[in-house]
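> coordinates for the following, if possible.
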Amino acid sequence: MSIARYRWSSLVIQSRTPLPELQRCDSAMIDVRFECRATGQSHRTGPWSHRWVLPNGARWLSIARIGDERVLRFERLADFIVSADCRTIRCEAARTTRPHTIRHLLLDQVLPAITSGERQFGVHASAVAIDGAAVGFLGRAGRGKSTLAAAFGLRGAAIVTDDCLILDLSRTGVVAVPTYPSLRLWRKTIDRLGAPVCPARATGDMSKLRIGGDNEAGVRFRRRPLPLDRLYLLERGRGSASPRIVPMSRRQSYIELMKFRFRLDPRDPIALRHECDQLARVAHAVPLARLQIPFDFSALSEVRGAVLEDIRSSRRR
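Numbers count the residues shown, from 1 in each chain. Below is the predicted model of the structure:
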């Protein structure tokens, strides 16, 4: 199996394992080397410094520092071992873990966690391009971030990113950086939205279908960075059948952004101080509002209209 180089956001990944979701490149510079062995998930015992659980209480991700390396364990799926300088990632996968699942974990979980630097970091959000600027949708799993992004995409807005939004803190403001052209949706969501997806080209991933490439599902993907205009925190509607947008203070925005940031080591005090500074800059520069929406596909058009009206009214002020 030959070694190839791929581009994910601003990173160049060298890998012997094929990464078909990413665009190949011939860059001489390599940011990350990825190795994968399906030899069975290791029996490391930690100590685990942090654990994430799913809404049903099942353990999803555990993080440990062992020597100079960090271990990200996705339960019953794979361990990802990240070197101290974040330039090498080794994967030890369970024999039952499928290749597309390994790629999903690498592209949508591990790479966002190692992206943090002086200027860039990732938040758990989808984003679309509207009138020359990015609009992001934050939220917990299952809140409809990808569905809402797809609803905009099927009506002409380019998809900036799905599941991970990379933010670049430039001198002129906060910039949204696309990661790679991908949108992951449940089959029933695709059917209800009426997206023209060819099943042979959609890759099954963690019970979802992955759509990638312009016009594959009638959507376009943004390839270049653009300014981040607004962020919306998706929440379930509180007894209302109509969408409701509630602006948040900078303090509230800072607290909510803290909940959705990707982290490699949640207990690293230096990284946490740097993170606080970054989130404060974003909260100061980018308006964040609660978007309370009913979970009904028939309301998507109304939700989209409310977001567009909110954006345009804010620009008129």
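> pull out the buried positions in the longest strand anywhere in the chain.
When the chain is parsed with DSSP state E, its longest strand is strand 226-236. By neighbour count with 16 or more other C-beta atoms under 10 Å, strand 226-236 contains the buried residues Leu226, Leu228, Asp229, Arg230, Leu231, Tyr232, Leu233, Leu234, Glu235. All C-beta atoms are positioned from the backbone trio N, CA, C, and that covers glycine.
> what residues go with each domain of this structure?
Annotated domains of the chain cover 4-114, 121-316 [automatic domain parsing].
> now these as a markdown table including mean pLDDT?
What follows is those, written out as a markdown table (pLDDT from 0 to 100):
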| stretch | mean pLDDT |
| --- | --- |
| domain 4-114 | 88 |
| domain 121-316 | 85 |
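> what about Ile245, how many neighbours?
15 (other C-beta atoms under 10 Å).
> again, but for Arg16
12.
> for it, what are its contacts?
Met1, Ser2, Ile3, Ala4, Glu35, Cys36 (C-beta atoms under 8 Å, 6 or more residues apart in numbering).
> which of those residues has the most neighbours?
Among the contacts of Arg16, the one with the most neighbours (other C-beta under 10 Å) is Cys36, at 20 neighbours.
> which residue sits closest to that one, ignoring its sequence neighbours?
Excluding its sequence neighbours, the residue lying closest to Cys36 (C-beta to C-beta, 6 or more residues apart in numbering) is Cys91, at 4.0 Å.
> the helix or strand hosting Gly305 packs against which elements?
Using DSSP states H and E, Gly305 sits within helix 300-316. With contacts taken as 3 or more C-beta pairs under 8 Å, 6 or more residues apart in numbering; DSSP states H and E, helix 300-316 sits against helix 145-153, strand 226-236, strand 244-247, strand 288-293.
> which of these sits closest to Val174?
Distance to Val174, taken as C-beta to C-beta, is lowest for strand 226-236 among the helices and strands packed on helix 300-316, at 4.5 Å.
> SS state for Arg95?
coil (DSSP: H, G, I helix; E, B strand; the rest coil).
> burial count for it?
8.
> thinking again about what came up before, out of the buried residues of strand 226-236, flag the one nearest to Asp68.
Nearest to Asp68 among the buried residues of strand 226-236, with distances taken as C-beta to C-beta, is Leu228, at 34.0 Å.
> I am finished for the moment; much appreciated.
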